[in-house]
Every structure is written in C-alpha cells, then in structure tokens.
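Colleague: for reference, the sequence and a predicted model appear below.
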Amino acid sequence: MAEGLLRRRLEKLDPDVRVSSAGEMAGGVPAARGSLRAMASRGIDLSEHRSRRFTPEHLGAADLVLGMARRHVREAVLAWPDAWPRTFTLKELVRRGRATGPRRPGQSFDEWLRRVHLGRRTTDLLGDDAADDVADPIGGPDHRYAVTADELEELIDELVGLAFAPAAPSVGATTTRKG
C-alpha cells in the first residue's frame, strides 16, 4: 500500500522518481485482498503487485529505504549496514522531519536526509513501538486495511511535503514493506 501511495504522490512532482517495494516475504506473493480493496478505493491498482524479497543490492542502490516497522529497519541495516543513515520507519522519518524542518530551497535530498539522521542511534530501534510502527492489517478485516491505508496516506502526504519540493532534483526512493 505504501509503495502505491508514495509512487502516486511522487509521480505528480517528478515522473523520473523511482519507487519500488521489497520486504521480508518470499517473492511472488500477490497483495492481500484487503490491500487491493483499500487501494482500489483510492484509485490505485495493486492487482499486478507481487512481493519481492529485499537484497543488499536493493538497499545499496536506494537513496531512501522506508520500513513500516522497526524490525524492517533492523533487518535492512543488518543486511546492508551502510544503509543506516538513509533507512527509517515511515513514522520515524516524518517525526524527525517535522523536528528538523522541511527541505530548504536548493537543499539536496541527501543533505536534508543527513540532517534528519543526525543524533540517531541504532539502539533507538530496539523492540517494537507504536510510535514508529505502522500496524500490519494482514489477515484482518477490510476496515483494518482501510485504517492502515488512511494512516499511510497521511504520513506519505506529510513526508512528501517535508522532503520533496516540486522543483526538487530527482531522487530514487525505495520502500521496504511487510511482505
């Protein structure tokens, strides 16, 4: 869901931005039916989506890696330690972006991300925390998928407002998501 929402928002700003999704689930699994319905109600078709397991190569090539939960960030950083400065949970990045402030005119995405990263410690990501984790609706009723989609949409809208100015240079983004 996050991939579809982020892709749609960034396509409006810069059609050259690449958004891809990879996670911990084995490759080739279609999106959950609840995800399909939640995204269809927002005009996003996930019927062709298939899971893809992340690799160190994906992580190394990404300008930004977003996890939906702390455990995703931990797994990504264990697989590719150099990804730490650009790997966040979506909630963490938005929260830290608010505190740091939006990207300034002329500031590169990389510079903004370095500012947002300042002061982070890997130990801050130990354990699970609702302040950083988006609830996973997998296997639940449709209304749980809708609630998660609403939360993701709000977070992504705020992230785009903080980090991706309309005149910003192109930057590839990778979301690492559950499944």
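Modeller: Yes, it's here. Numbers count the residues shown, from 1 in each chain.
Colleague: what is the burial count for the residue lying closest to residue 95 once chain neighbours are set aside?
Modeller: Nearest residue to residue 95, sequence neighbours excluded (C-beta to C-beta, 6 or more residues apart in numbering): residue 131, at 7.5 Å. (C-beta placed from N, C-alpha, C; glycine too.) Each residue near residue 131 was counted by other C-beta atoms under 10 Å, and the total is 10.
Colleague: does residue 131 touch residue 90 like I think?
Modeller: No: applying C-beta atoms under 8 Å as the test, residue 131 and residue 90 come out as separate, 11.8 Å apart.
Colleague: re earlier: report pLDDT for the residue nearest to residue 95.
Modeller: For residue 131, the model assigns a pLDDT of 91.
Colleague: helix, strand or coil for residue 63?
Modeller: Under the three-state scheme (DSSP: H, G, I helix; E, B strand; the rest coil), residue 63 adopts coil.
Colleague: next one: phi and psi at it?
Modeller: Per-residue torsions, residue 63: phi -80, psi -30 (degrees, to the nearest 10).
Colleague: all strands for this structure, in order.
Modeller: In the chain, the strands defined using DSSP state E lie at 19-22, 65-67, 87-89, 173-176.
Colleague: out of the ones you listed, which one sits most buried?
Modeller: strand 65-67 (a mean of 29; mean count of other C-beta atoms under 10 Å).
Colleague: quick one: average confidence on that strand?
Modeller: For strand 65-67, the per-residue pLDDT averages 95.
Colleague: mind listing the strands it pairs with, and their directions?
Modeller: strand 87-89 (parallel), strand 173-176 (parallel) (DSSP bridges).
Colleague: ranking these by mean pLDDT, which is last?
Modeller: strand 173-176 (a mean of 44).
Colleague: contacts for the lengthiest helix in the chain?
Modeller: Once the chain is assigned using DSSP state H, the helix that runs over the most residues is helix 142-163. Helix 142-163 is contacted from outside by 1-2, 5-6, 9-10, 13, 32, 34-35, 37-39, 41-42, 90-91, 93-94, 97-98, 101-103, 109, 112-113, 134-137, using C-beta atoms under 8 Å, 6 or more residues apart in numbering.
Colleague: buried set for stretch 57-68?
Modeller: 58, 59, 62, 64, 65, 66, 67, 68 (16 or more other C-beta atoms under 10 Å).
Colleague: just the endpoints, please. Distance across that stretch?
Modeller: 20 Å (C-alpha to C-alpha, to the nearest Å).
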